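Build me a structure from this.
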Amino acid sequence: MARILLVEDEDAVALSTRLILEHERHIVDLCTTGSDAQALMRTVDYDVLILDWGLPDTTGLEICRAYRCSGGTAPVMFLTARNSLREKTLGLTDGADDYLTKPFELKELVLRVTALLRRPRQKVDTVIRVADIELDWIKHTVKKSGTPISLSPTEFQVLEFFLRRQNQCFSQEALLANVWSMDSDATVEAVKATIKRLRQKLDPDQHFLRTLYGVGYILEPAGPATSVSS
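Predicted coordinates:
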């Protein structure tokens, strides 16, 4: 599962791209303008950015430049009908990691996104181990002390979010913004219910995923954390 920002103003391309990525269990936030995209990028930690080159108010190139200048490190892919060597060179030298020319096959897009996700983190993030919890984000499995645990997709996403951000506190609103899709009708009640179910399955004593009253939730592992590739 990855959190992906898709910035695309062509309705047909946007819809088909979003659907195929969501089918692969990714969370996709869709924007049609650069201003909306940049507002989201200031508050949400994305795993991949997919940018249309030409937008109503700016270009994907400008979004990419601003993102890199602000310290953003997630992989960036351009979707564009422009296919000249000059434009490809411009995009790739200004911080993009990949370039897909329209029209494109949706399967190829999925393969490229998967490659981008693996490129920087393949050796450290394929399996995440924290204390006695083991999460495999490729196989979509979770084990506690070696015993498989069945989680819903949302429970899995919340757990993965915390495992990647140990010792950081997140409010219910922050979790809603970062784990649920931006057009979801979920509320903070959904966050509380998901945390409750996770604790029942993984941490009934709340020593692993604690509540800081009036602040939010924090994952504090009992022992050192390691991540390995499988």
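
Tell me which residues of stretch 208-220 come out buried.
208-209, 216-219 (16 or more other CB atoms under 10 Å). Every residue, glycine included, has its C-beta placed from N, CA and C.

Can you give the contact residues for that stretch?
130-131, 133, 162-163, 165-172, 174-175, 195, 198-199, 202-203, 221-222 (CB atoms under 8 Å, 6 or more residues apart in numbering).

Not counting its neighbours along the chain, what's nearest Glu134?
Among residues not flanking Glu134 along the chain, Lys143 sits closest, at 4.5 Å (CB to CB, 6 or more residues apart in numbering).

In terms of helix, strand or coil, where does the one you found fall?
Secondary structure assignment for Lys143 (DSSP: H, G, I helix; E, B strand; the rest coil): strand.

Kindly report the same for Arg119.
Look at Arg119: counting by three-state DSSP, its state is helix.

so how many other residues sit close to it?
Around Arg119 there are 11 other residues, counting by other CB atoms under 10 Å.

Can you report how many residues lie near the closest residue to it other than its chain neighbours?
The shortest distance from Arg119 to any non-neighbouring residue, by CB to CB, 6+ apart, is to Pro75 (6.6 Å). When neighbours are defined as other CB under 10 Å, Pro75 has 23 of them.

Gly60 and Arg68, how far apart?
Per CB to CB, to the nearest Å, Gly60 is found 12 Å from Arg68.

Give me the more crowded residue out of these two.
The neighbour count for Gly60 versus Arg68, taken as other CB under 10 Å, is higher for Gly60 (25 against 14).

Can you tell me, leaving aside adjacent residues, what's nearest to the more buried one?
Looking at Gly60 with CB to CB, 6+ apart, the closest residue is Leu51, at 3.3 Å.

This completes my enquiry, with thanks.
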